[in-house]
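Asker: Sequence and predicted structure below; questions after.
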Amino acid sequence: MKNDEIHFRVMALVQDNPDLTQRDLARQLGVSLGKANYCLKALIGKGFIKAENFRRSDKKLAYIYLLTPAGIEEKALVTVRFLRRKIAEFEILKQEIAQIQATLGEEGATVPVAREAAS
């Protein structure tokens with residue numbers, strides 16, 4: 001995952017689940033616990049996320065992660081960049097699929113074509 005993508009995913013998960021543990025975050029991102037910790041610390045260091053201590057009912061010290069106002073703004077910017085990159089990747093894939101289908105068509109093979117979702 002690229003930095004923008006992982007930062008987007010971390011900020012989205014934190015915004016939706018402030019009481020998420022780092023272990024849960026790592027599991028949902030599909031990364032190691034160390035990578036999740038590194039990303040959280042980077043976002044905290046930039047002032048996009050703040051961590052507050054609280055005590056859970058089982059008396060273990062835990063953290064709640066919150067997006068700061070700067071984090072909300074950054075998440076919006078990262079979301080736009082993430083979406084632009086995904087749209088560009090989608091366009092490239094469509095071109096590659098069209099080229100492959102054209103090649104197969106020239107050779108007489110038929111392949112079912114997936115229909116695009118209506119926009």
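Answerer: Sure, I can see it. Numbers count the residues shown, from 1 in each chain.
Asker: Point out where this protein drops to low pLDDT.
Answerer: Residues of the chain meeting the criterion pLDDT under 70: 1, 54-61, 106-119.
Asker: Identify the single longest helix in it, thanks.
Answerer: Ranked by residue count under DSSP state H, the longest helix found in the chain is helix 69-106.
Asker: ok, for Trp44, nearest residue in space, not its chain neighbours?
Answerer: Let me fix one detail, which is that residue 44 is Ile and not Trp. Ala51 (6.0 Å; C-beta to C-beta, 6 or more residues apart in numbering). C-beta here means a position set from N, CA and C on the backbone, and glycine is covered the same way.
Asker: Next: Ile6.
Answerer: In space, Ile6 is closest to Cys39, 5.6 Å off (C-beta to C-beta, 6+ apart).
Asker: quick one: buried residues of the host helix or strand of that neighbour?
Answerer: For Cys39, the host element (DSSP states H and E) is helix 33-45. For helix 33-45, the neighbour count (16 or more other C-beta atoms under 10 Å) marks Ala36, Cys39, Leu40, Leu43 as buried.
Asker: Starting from the host helix or strand of Val14, tell me the next helix or strand along the chain.
Answerer: Element membership for Val14, per DSSP H and E: helix 3-16. Per DSSP H and E, the first helix or strand lying C-terminal to helix 3-16 is helix 22-29.
Asker: and that next one, what does it pack onto?
Answerer: Contact analysis of helix 22-29 by 3 or more C-beta pairs under 8 Å, 6 or more residues apart in numbering; DSSP states H and E lists helix 3-16, helix 33-45 as its packing neighbours.
Asker: Nearest to Lys75 among those helices would be which one?
Answerer: helix 3-16 (4.3 Å; C-beta to C-beta).
Asker: And that closest one, what does it pack against?
Answerer: By 3+ C-beta pairs under 8 Å, 6+ apart, helix 3-16 packs against helix 22-29, helix 33-45, strand 49-55, strand 61-67, helix 69-106.
Asker: List the buried residues in it.
Answerer: Buried-residue list, helix 3-16, by 16+ other C-beta under 10 Å: Ile6, His7, Phe8, Arg9, Val10, Met11, Leu13, Val14.
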